[in-house]
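Chemist: Based on what follows, work out the 3D shape:
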Amino acid sequence: MKKFGIMMNICMGATISFFLSLVNMLASGHFAVPGFIISFIISTIISIIIGFIVPIPKVESKFFTKHGIEPHSLKARLTGSCLSDFIYTPIMSLVMVLFARNSIVRSGAPAAAIPPLVPMYLKSLILSLVVCYIIVFIVQPIFVKALMKKFGVPGGAPMGEKPEQ
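Modeler: A predicted model of the protein is given here:
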């Protein structure tokens, strides 16, 4: 089960990081392959660290229990995606915006060309929250199912599916 959790953390972290890096680079209007790769690597490291610090399955389980949500229901998938989104995205967005802004400053851009931090962060955060929610909702059950099969995890089902009886 521990290997399952580690692999799930890595798969989700890398996937979320890939899409958030791509979407935010495209939204900035300044897409560059080296910048994308650096952004993806930094974002992946941050998301994996968050995944080890915050036990998302335990957070979801407690939330579902407290609010009477059936663990393998569509409501659980929708809610779980939202919980993951609000745990990962604000931190990842802030770090990536700080990285992007620092890159602009290091490039020697004039002070007038450096966007203010708060609007830059809010734009990124809103876009990232939407993208991350959709990505988590779509890929989490796929990874759960694949990793459960790979590690032979008994007694569970991917989120959104009823456990086998």
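
Chemist: Quick check: phi and psi at the residue of the chain most remote from its centre.
Modeler: For the chain, the largest distance from the centre (C-alpha atoms, centre = their mean) belongs to P110, which lies 33.0 Å off. When read as degrees, to the nearest 10, the backbone of P110 gives phi -60, psi 150.

Chemist: going forward, begin numbering at 12 instead of 1
Modeler: Right, with 12 as the first residue, what we last looked at is P121.

Chemist: I'd like to know which elements the helix ranked longest in the chain is packed against.
Modeler: As assigned by DSSP state H, the longest helix anywhere in the chain is helix 128-162. For helix 128-162, the elements it packs on are helix 13-39, helix 85-117, judged by 3 or more C-beta pairs under 8 Å, 6 or more residues apart in numbering; DSSP states H and E. Just so you know, the C-beta spots here come from the backbone N, C-alpha and C atoms, and that holds for glycine as well.

Chemist: Same list (those) but as a markdown table, adding distance to E71.
Modeler: As requested, those are exported to a markdown table (distance: least, C-beta to C-beta, whole Å):
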| stretch | distance to E71 |
| --- | --- |
| helix 13-39 | 12 |
| helix 85-117 | 5 |
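
Chemist: Isn't D96 up against V142?
Modeler: No - with contact defined as C-beta atoms under 8 Å, D96 does not count as touching V142 (9.3 Å).

Chemist: where does this protein have low pLDDT?
Modeler: In the predicted model of the chain, residues 12, 165-176 satisfy pLDDT under 70.

Chemist: neighbours of A120, just the number please.
Modeler: 12 (other C-beta atoms under 10 Å).

Chemist: now do I21
Modeler: 15.

Chemist: what sits against it?
Modeler: Applying C-beta atoms under 8 Å, 6 or more residues apart in numbering, we find I21 in contact with I59, G62.

Chemist: same question, Q151
Modeler: Per C-beta under 8 Å, 6+ apart, neighbours of Q151: M23, R88, G91, S92, S95, M170.

Chemist: how close does the second one sit to K77?
Modeler: Distance check for R88 against K77: by C-beta to C-beta, to the nearest Å, it reads 17 Å.

Chemist: And the two? Which one has more around it.
Modeler: R88 (20 against 8).

Chemist: Going by neighbour count, which residues in stretch 102-112 are buried?
Modeler: By 16 or more other C-beta atoms under 10 Å, the buried positions in stretch 102-112 come out as M103, S104, V106, M107, V108, F110, A111, R112.
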